[in-house]
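next one to model:
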Amino acid sequence: MKPIVPVVAMAGQNPRAVTFGAGRDDVDPLPAIVNAEGLVVTEWQPDAEELERLAAGVPIRLWIFTYGHPLQPVALEVPADISVRST
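Numbers count the residues shown, from 1 in each chain. Sure thing, here's the model as predicted:
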């Protein structure tokens, strides 16, 4: 999956666009929207092969690196309020 620039409405929450890892050689840049409360939203576009596997019923796997810290809440969704975008 490829990270894409998120399109999400966070009315009244002072959202700002950021790119985590920008300018670093050891990680790929990750575009995100961040609000004043610390909510971070990223969006990911599956490629054709991943779409085929999803359509066949293969589950989505989420890896979280906590580095020994408590797990923070996470959420995955397939938004109904946006249409398919090309990357």
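
show residues contacting stretch 48-64.
Contact with stretch 48-64 is made by 1, 46, 71, 74, 76, as judged by C-beta atoms under 8 Å, 6 or more residues apart in numbering. Where you see a C-beta, it was placed from the backbone N, CA and C, and this is true even at glycine.

quick one: neighbours of the second one, just the number.
It refers to residue 46. 13 (other C-beta atoms under 10 Å).

pretty sure it contacts residue 4?
No. Residue 46 lies out of contact with residue 4 (C-beta atoms under 8 Å); the separation is 10.6 Å.

just to revisit the earlier point, among the contacts of stretch 48-64, who's most crowded?
Most neighbours among these, by other C-beta under 10 Å: residue 46, with 13 neighbours.

so how far is residue 54 from the nearest residue to it once chain neighbours are set aside?
Distances taken as C-beta to C-beta, 6 or more residues apart in numbering place residue 1 nearest to residue 46, at 5.1 Å, with adjacent residues excluded. Residue 1 sits 10 Å away from residue 54, going by C-beta to C-beta, to the nearest Å.
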